[in-house]
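K.L.:
predicted model, plus sequence, below.
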Amino acid sequence: MALQVIGAGFGRTGTLSLKLALEALGFGPCYHMLEVIRQPEHAAVWQRATRGEAVDWDALFAGYQSGVDWPLCAFWEPLAAHYPDARVILSERDPESWFRSASDTIFQALDKAPDKAPEGGEVSQGSMARELICERTFGGRHHDRDHAIAVYQAHRQRVIEGLPPQRLLRFRAADGWPLLCEFLGVPVPGIPYPRVNSTEEFGELLRKLDAER
């Protein structure tokens, strides 16, 4: 099974809601950072990708029809080339709002994430994510507001300029079902668009995942 939808937007741009939306529309399972937490052996694969080593994308995404969020979004270019028929969704958010949300959730979580790998993993999800997000993406300056927003904006522009318009959807959670369903060529479902993973919910999710480890 090849990926049909690739999410190119950074985390904290409504990616968990988008994951649930894609699954509701029949494009599931959808890969997300949660999958790395639940499958600790995947962290080593993403660490190799972060360091520029070759990765068997088909093996990594076996059984998945779509993917959003980090770590996947950092590799949207090789994934778009590897899956030429996949459509790409760039989830977006006001840059200032994105930075505040990322600072209060992801960045804090990564600063505190343990380096020790859980049972069944050779690399911890936390150390992999720190290397990919904090170091590779933001150059260790993820708490520097101006720098982080500049990186966010540059990533967004690279995606927009790197894909033909018919293959790319620029999407905000507020757009809801109509725009997303039109892009994917599926009917609008009779349920509300998912609205999950607020800053408060993110903290609760981390506590639950810690309890499951």
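P.N.:
Good, I have the coordinates. Numbering: from 1, shown residues only.
K.L.:
go ahead and confirm Phe138 touches Ile149.
P.N.:
No: under the criterion of CB atoms under 8 Å, Phe138 makes no contact with Ile149, lying 10.5 Å away. Glycine gets a C-beta too; all of them are placed from N, C-alpha and C.
K.L.:
who has more neighbours out of the two?
P.N.:
Phe138 (19 against 15; other CB atoms under 10 Å).
K.L.:
got a list of what the more buried one touches?
P.N.:
Asp144, His147, Ala148, Val151 (CB atoms under 8 Å, 6 or more residues apart in numbering).
K.L.:
next: Tyr31.
P.N.:
By CB under 8 Å, 6+ apart, Tyr31 lies in contact with Phe61, Tyr64, Ser66, Gly67, Val68, Leu72.
K.L.:
over to Glu96?
P.N.:
Ile149.
K.L.:
in what helix or strand does it lie?
P.N.:
Of the helices and strands defined by DSSP states H and E, Glu96 is found in helix 95-104.
K.L.:
quick check: nearest residue in space to the residue nearest to the spatial centre of the chain, chain neighbours excluded?
P.N.:
Geometric centre of the chain, nearest residue: Asp69, 0.5 Å, by CA atoms, centre = their mean. Spatially, and ignoring its direct neighbours in sequence, Asp69 is nearest to Thr15 (3.9 Å; CB to CB, 6 or more residues apart in numbering).
K.L.:
ok, now Ile106?
P.N.:
Counting by CB to CB, 6+ apart, the residue nearest Ile106 is Gly11, at 5.5 Å.
K.L.:
got it, and Leu169?
P.N.:
Phe183 (4.3 Å).
K.L.:
now the one you found: how far from Arg87?
P.N.:
Distance from Phe183 to Arg87, counting by CB to CB, to the nearest Å: 7 Å.
K.L.:
now Gln4
P.N.:
Taken as CB to CB, the span from Gln4 to Arg87 is 7 Å.
K.L.:
off-centre distance for stretch 74-82?
P.N.:
13 Å (CA atoms, centre = their mean, to the nearest Å).
K.L.:
many thanks, have a good one.
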